[in-house]
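1. sequence and computational prediction follow.
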Amino acid sequence: MFNNSSKILFITVMIIGTLITVTSNSWLGAWMGLEINLLSFIPLLSDNNNLTSTESSLKYFLTQALASTVLLFSVILLMLKNNFNNEVNESFTSMMIMSSLLLKSGAAPFHFWFPNMMEGLNWMNSLLLMTWQKIAPLMLISYLNIKELLLISVILSVIVGAIGGLNQTSLRKLMSFSSINHLGWMLSSLMISESIWLVYFLFYSFLSFILTFMFNIFKLFHLNQLFSWFINSKILKFTLFMNFLSLGGLPPFLGFLPKWLVIQQLTSCNQYFLLTAMMMSTLITLFFYLRICYSAFMLNYFENNWMMTLNMNNFNMNLYLILTFFSIFGLILISLFFFML
Amino acid sequence: MAQVPLAIASHKRQVCSLYKRALRNLEAWYDRRNVYRYRAVQLRARFDENRCKDLGEGIRLLACGQRELFETKHFQPRNFANSSGGCAYEREVIPPDWLLDYWHPLEKAQYPEYFAKREQRKKEYVTWWEKQYGKPDPKDLGHH
Amino acid sequence: MKYLSICSISFVNLISISFSCFLFSLYFLLNNMVYFIEWEVVSLNSMSIVMTFLFDWMSLLFMSFVLMIASLVIFYSKEYMESDENINRFIMLVLMFVLSMMLLIISPNLISILLGWDGLGLVSYCLVIYFQNIKSYNAGMLTALSNRIGDVALLLAIAWMLNYGSWNYIFYLEVMQNEFEMLLIGSLVMLAAMTKSAQIPFSSWLPAAMAAPTPVSALVHSSTLVTAGVYLLIRFNILLSFSWLGQLLLLLASLTMFMSGLGANFEFDLKKIIALSTLSQLGLMMSILSMGFYKLAMFHLLTHALFKALLFMCAGAIIHNMNNSQDIRLMGGLSIHMPLTSTCFNVSNLALCGMPFLAGFYSKDMILEVVMISNINMFSFFLYFFSTGLTVSYSFRLVYYSMTGDLNCGSLNMLNDESWVMLRGMMGLLIMSIIGGSMLNWLIFPIPYMICLPKLMKFLTLFVCIFGGLFGYLISMTNLYSLNKSLLNYNISVFLGSMWFMPYISTYGMIFYPLNMGQLVVKSFDQGWSEYFGGQHLYQKLVNYSQILFLMHNNSLKIYLMLFVFWILILLNFLLFM
Amino acid sequence: MIMILYWSLPMILFILGLFCFVSNRKHLLSMLLSLEFIVLILFFMLFIYLNMLNYESYFSMMFLTFSVCEGALGLSILVSMIRTHGNDYFQSFNIM
């Protein structure tokens, strides 16, 4: 991936686009950043000329173009209103901005393009889509902070993320629904404080990086591949699924920490209904994560007679092991450091 | 299961069974051998006395005898230690020989000499059997 | 390798520790010393975890006796368990048992007592199920579950001790003895001690535990484990003397003594007879303890440990020679076949009965005379003396069945008296059960008790014993023309012979209704309604919703974009017209 | 009241453009064309707005650059799609 010069260019421009959005002090600048981001992300998507990646890049393009035109339209409306100071109702304009941003980030009522599109990507692009492409829209949403729309979006996101993944056999779709669920948590966390959102986003990116990294190496795309997935290292298999549980937010692992923070903050803000909905749906998420982990955690399971050789080089293995260590023992380590400091 | 008898069928065998159980009961009550012999003779006499009555009377007497046995049954019947109900029953369990055939190949591989010899002995036994009784009928080989 | 077996090594170690403990206890006794050792394990902020040990003459003496019996029993098991392939496991279990007994003896702290106590329960379970047949499993389960009640009571007592801020109970017993909480702790501890010493509602496990190998019965179920309860109550004796706890304990303990004495007269299993006699002696210790004479209880505990261990070892030798058969109806004439073993058997039996100048005489006679001079009602008095008579009665019945007459087993037997290792082990205890009583008497009571009784009452004990002996011997004798006596009173003998139906009550009686209830609950709730409304239905619904959600996904991209546009239109509409 | 006229026309045009964009068309090219239409409306709107800000219309150049880039990107995807699918029918996409 990194020995392709055009890729380097597009990735750099993509990063610059996001940075422009995040750092701009006007809506027009933010719009420009988003456009740059879109323009550089699409060539990244359609790197190999097959059916699916073209389709998904097209879907992405159409959706994002629509979202950014609506964004620009409502931004201009907002600015006209601010200059002329007439009876235009401000909250509706910002709601329009926010809706377009939710469409961009793939949050629940406007999430439909997201799993469809993920299905056509390879794992690295999916990772970018799940993590990096969320930074800019979420940052812009945090400037707006309209509680009503945000609450609806959060609840719908967590429920759709949970229920959508329940009946799923494609790992990419499953990860995309899990991403929608996590997006709900992120939206709720940026309702309270930006730093918690940052923490949540970082941990989520970290955990999903480990998983997609391994999926990418072993080219795992469907659930039945996992059930019959026999690699000669059982430890590797076991730890990989521990990472899944960590992503689901099971307490002794790292993934619990951001959820813990969000729960704590929401409780102190008296958002009990929201919290109940979020936690219940996350329970369902955990259920389907566990179902994925069947093959690793059961004492008795089916194995293929043929073996999949472990085509991981040393660097990847070490990287994976270090990351997994943090993902599994991170919560304990963090508490230890907290005590030491 | 239909052919398995669930109760003792004939009157004669019931009486014999009652007699035997009554003797065992006496053995539990009277520990000294001479006393037990005396009581046993008495018991036999009681049984002999009512021999050859008509069947209706016999059935009534049998019921009476069974009732009497029930009412005087010893609360700690005398048992030998290694027989069923005794205190050392099943204390040392010797696993049956065929268990070795169900070992996993990996387990068998730990004792190669023994199992090689075992296989050979089996073959020898089969040849011996076939010499003695002839080859089995091919239609009996399948499962029933 | 002969001298390097696990048995020999443990024997040497244990007997030397026992000897040094004995010397220390003499030293402590003569100088009236107590050592209290406190070791701070961890100190966190204001809280410190402290391990405490209490060494006084009582704990050291008890320890030395336990170790001595354990060492002899291990020595004895070298031959008894010779053909067993798991002898190493057996000896290690016994050693673990001794270790937890030590912990129990020297700790003045409820937590460490609980550690030792649970260790005893666990190891005794493992020892009871040592022979892996169904009888052993059932007996082990009964033993473990009965003892668990006591463990729970101890845990509750620990929880209540939190009121005082420390679990070192010896600091609080005297000061707090009039408080309700202390009474509660006392009653819980008493419950625990009653389960461990198999007092009346919990008696059924002790005869059942005879499924263990005989050396275990000699060490665990006669002299040490079951006396752990008595020892615990000796430590807590202050609480018993001045409250209703002591009275309750007196009633239950003397009833236990009575019940087991009667039961032993109708029992036919050699080991169970001895177990019931242990139970009766435990009742004696408990009852004299509940009247406040804790030193006497300790005294009887020690002497009883000596001769009862010997009795069990003799029984073990007999059973070993009889090929595992324990039924005394199959024995008879053993005094001809095994003279030396029979000698030991008779000496320990006589010591149990209180034959003058043997070990049991000093403690038992003193207890009975103290009972006579203290204020006691007629019922308890009757129970005490009737049970004493019963003790002699079942001992002589045992002698009648096993020692006299002809061998009932069969003409082909291998009875011999040449198992020298076992005999050597027994000899050690034989000497102790002859001289032990007088020795302890002179050690523990430097100043004699002042007992003043009329002549008739002084001879009452003797009379009761002689009458009991005659009764026991004659009543089990049958000749040609007499019916068996227990056959004449069939119902009564069934009732008494099965320990007042206590084994049935504490097994079937306890479990019948809860088990039925459990079946109902499992069928209609766990696997019925809650499964329907909980797991299955919820999952079904969620899957349905998921399918509906997928129907919504099952559209062209344009539909979704159009939805978004409609939403924007609605917002614009509000924007313009509101 | 006259102010509304400045932006009510582009607003109506924008809405029409949006409908044009999302309503069901046969060809992808027509979607891209309607996207261009929307971009033009936005340019119009932006122009009005920039006229309000003392005719500081340099941003319109940037906007035009971006919109051209976007159009070019759309066309390149169209080309890519024709290379893989052989047509530009929107209905030939897979759903999910």
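-> Received the coordinates, thanks. Given the structure is predicted, the values throughout are model-derived calculations rather than measurements. Numbering: from 1, shown residues only, chains lettered A, B, ... in the order given.
2. C-alpha from now on. contacts and neighbour counts both.
-> Will do.
3. in three-state terms, label B:Pro95 for me.
-> Under the three-state scheme (DSSP: H, G, I helix; E, B strand; the rest coil), B:Pro95 adopts coil.
4. what residues does chain B have near chain D?
-> Contact residues of chain B with respect to chain D, defined by Cα under 8 Å from any Cα of the partner chain, are absent.
5. may I see the domains of chain B written out as residue ranges?
-> Following the assignment in the TED database, chain B carries domains at B:9-70, B:95-131.
6. for chain C, same thing?
-> Looking at the TED database, the domains of chain C come to C:1-238, C:241-477, C:484-527, C:536-577.
7. what's the closest of those domains to A:Leu77?
-> Distances from A:Leu77 to each of those were compared using Cα to Cα; the shortest belongs to domain C:536-577, at 10.4 Å.
8. now the terminal residues of the closest one, how far apart.
-> Terminal residues of domain C:536-577 lie 50 Å apart, using Cα to Cα, to the nearest Å.
9. quick check: mean pLDDT across it?
-> For domain C:536-577, mean pLDDT is 87.
10. touching chain A at all, that domain?
-> Yes: among the residues of domain C:536-577, C:542-543, C:545-547, C:549-550, C:553, C:557, C:560-561, C:564, C:568, C:571-572, C:574-576 lie within reach of chain A under Cα under 8 Å from any Cα.
11. of the domains of chain B, which stretch is the most buried?
-> Among these, domain B:9-70 has the highest mean neighbour count (mean count of other Cα atoms under 10 Å in any protein chain shown), at a mean of 15.
12. what about the helix of greatest length in chain D, distance to the chain center?
-> Secondary structure of chain D per DSSP state H: the longest helix is helix D:58-85. From the chain centre to the centre of helix D:58-85 is a distance of 10 Å (Cα atoms, centre = their mean, to the nearest Å).
13. now stretch C:357-365
-> Offset of stretch C:357-365 from its chain centre (Cα atoms, centre = their mean): 23 Å.
14. in CSV, could you pull the C-alpha coordinates for that stretch?
-> Taking C-alpha atoms only, stretch C:357-365 is exported to CSV below (Å, rounded to 0.1, in the frame of the first residue of the first chain):
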residue,chain,number,x,y,z
PHE,C,357,-6.4,-47.8,86.5
LEU,C,358,-6.8,-47.9,82.7
ALA,C,359,-6.9,-44.6,80.8
GLY,C,360,-10.6,-44.2,80.7
PHE,C,361,-11.1,-44.7,84.3
TYR,C,362,-9.5,-41.5,85.5
SER,C,363,-11.4,-39.2,83.3
LYS,C,364,-14.7,-41.0,83.2
ASP,C,365,-14.9,-41.7,86.9
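15. now the helix-or-strand element of chain A with minimal mean pLDDT: buried residues?
-> For chain A, using mean pLDDT, DSSP states H and E, the weakest element among its helices and strands is helix A:223-227, scoring a mean of 78. Along helix A:223-227, the positions that meet the burial threshold by neighbour count (16 or more other Cα atoms under 10 Å in any protein chain shown) are A:Leu223, A:Leu226, A:Phe227.
16. mind pulling up the pLDDT for the residue in the stretch 1-150 of chain C positioned nearest to chain D?
-> Of the stretch 1-150 of chain C, the residue with the smallest distance to chain D, taken as Cα to the nearest Cα, is C:Leu44 at 59.9 Å. Per-residue confidence at C:Leu44 stands at 78 (pLDDT).
17. check which helix or strand covers C:Ile434.
-> Using DSSP states H and E, the element containing C:Ile434 is helix C:420-444.
18. in the chain, where is pLDDT below threshold?
-> In the absence of a named chain, chain A is used. For chain A, the stretches with pLDDT under 70 are A:1-2, A:48-49, A:82-90, A:228-233, A:295-296, A:299-311.
19. the chain in question should be chain C.
-> Scanning chain C residue by residue, the ranges that satisfy pLDDT under 70 are C:1-3, C:578.
20. name the residue of it that lies nearest to chain A.
-> Residue nearest to chain A within chain C (Cα to the nearest Cα): C:Ser546, separated by 5.2 Å.
21. if we can go back for a sec, so which of the domains of chain C is nearest D:Phe90?
-> Closest to D:Phe90 of the domains of chain C is domain C:536-577 (Cα to Cα; 9.1 Å).
22. who's in contact with the most centrally placed residue in chain A?
-> Ranked by distance to the mean C-alpha position of chain A (Cα atoms, centre = their mean), the top residue is A:Met130 at 3.5 Å. Residues touching A:Met130, when contacts are defined by Cα atoms under 8 Å, 6 or more residues apart in numbering or on different chains, comprise A:Ser176, A:Ser179.
23. just C:Gly469 next, same as before
-> For C:Gly469, the contacting residues are C:Gly389, C:Val392, C:Ser393, C:Tyr394, C:Ser395, C:Phe396, by Cα under 8 Å, 6+ apart.
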